[in-house]
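Novice: coords please:
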Amino acid sequence: MDPNHGKYITRMTAAILGPVLALGLLGAVVILLMRRSHRKRLMAARTLTDPETFYTSDDLLRVTAAGDSTLREYMEHSLTSGSGSGLPLLIQRTLAKQIMLAECIGKGRYGEVWRGVWHGENVAVKIFFSRDEASWSRETEIYSTVLLRHENILGYIGSDMTSRNSCTQLWLVTHHHPLGSLYDHLNRATLNHHQTMKICLSAVNGLVHLHTEIFGTQV
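Specialist: Residues are numbered from 1 along each chain as shown. Below you'll find the model as predicted:
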């Protein structure tokens, strides 16, 4: 056998197996990191769902009666998510009384969005029309899920029902972002490469969190 031919075969084998082994090792490291991150999120979720660690005062969110409306039936029959992975549906008893509306920052099909001041901090107040109670209830249920608590997902503060000028208002209060929605921001400003990558990464992190497999904690 030609010695040069043998060396050629050896080099070709090394050239093929080297990258394959490197990719396999890299894949194993990525999977290990993802599983470790997933376990941390599950541990954090279990901590938040523990009543002893989550409820620290009598002034936190509580369920309130809502008269004879459909909301009352909704709250009586849907106090938990049922999967064991979410928080009870919570309505802040005095939230609307603690918020001072400052300015209207948006309007849409379901109502208006106001910038409000709550304990000296700016918050966003989405005010639903009374005829859209079902939409308000649905959003309240979604936001009350503990697994939605993530730095790249809009932060939920609470919901409330109040009366202004003899009209019933349904409030959903979230963190306030002074730059507005992503759509408005992209139409207002030209982003550089770093800003674009930062927005993309934050969006991806939020989506990954939302689509992470959930294991129920109740039998």
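Novice: and the one helix or strand Val123 maps to, what does it pack onto?
Specialist: Using DSSP states H and E, Val123 sits within strand 121-128. Other helices and strands packing on strand 121-128, by 3 or more C-beta pairs under 8 Å, 6 or more residues apart in numbering; DSSP states H and E, are strand 99-107, strand 111-118, helix 133-143, strand 167-175. No exception for glycine: its C-beta is placed from N, CA and C like everyone else's.
Novice: the last one versus strand 99-107: what angle between them?
Specialist: Put simply, strand 167-175 runs at 90 degrees to strand 99-107, going by axes from the mean of the first three to the mean of the last three C-alpha atoms, to 10 degrees.
Novice: ok, back up a step: in the strand holding Val123, which residues are buried?
Specialist: By neighbour count on 16 or more other C-beta atoms under 10 Å, the buried set for strand 121-128 is 123-128.
Novice: strands paired with that strand, and their directions?
Specialist: Strand pairing for strand 121-128, determined by DSSP bridges: strand 111-118 (antiparallel), strand 167-175 (antiparallel).
Novice: tell me which of those strands lies nearest to Gln195.
Specialist: The closest of the strands paired with strand 121-128 to Gln195 is strand 167-175. By C-beta to C-beta, the value is 20.3 Å.
Novice: can you show me the helices along the chain?
Specialist: Taking DSSP state H, the helices of the chain run over residues 3-49, 51-54, 70-77, 95-98, 133-143, 182-188, 193-210.
Novice: quick one, which of those helices gets closest to Ile105.
Specialist: Of all the helices of the chain, helix 182-188 sits nearest to Ile105, with 9.8 Å by C-beta to C-beta.
Novice: next, the residues that contact the closest one from outside, please.
Specialist: The contact list for helix 182-188, computed with C-beta atoms under 8 Å, 6 or more residues apart in numbering, reads 179-180, 199.
Novice: out of those residues, which comes closest to Val20?
Specialist: Ile199 (35.2 Å).
Novice: okay, now the residue nearest to His209 when sequence neighbours are not counted: neighbour count?
Specialist: Excluding its sequence neighbours, the residue lying closest to His209 (C-beta to C-beta, 6 or more residues apart in numbering) is His150, at 4.7 Å. For His150, the count of nearby residues is 16 (other C-beta atoms under 10 Å).
Novice: and His150, what does it touch?
Specialist: Counted by C-beta under 8 Å, 6+ apart, His150 has contacts 205-206, 209.
Novice: what's the pLDDT at the residue lying closest to Glu139 once chain neighbours are set aside?
Specialist: Once flanking residues are discounted, Glu139 sits nearest to Leu172: 5.7 Å by C-beta to C-beta, 6+ apart. With respect to pLDDT, Leu172 scores 90.
Novice: got it, and Phe215?
Specialist: Phe215 carries a pLDDT value of 54.
Novice: what's the answer for Tyr8, then?
Specialist: Predicted confidence (pLDDT) for Tyr8: 74.
Novice: Arg188 now?
Specialist: 88.
Novice: check Val113 too.
Specialist: Residue-level pLDDT assigned to Val113 equals 91.
Novice: now Gly24
Specialist: Gly24 is given a pLDDT of 83.
Novice: ok, now Ile153?
Specialist: So Ile153 comes in at 82 (pLDDT).
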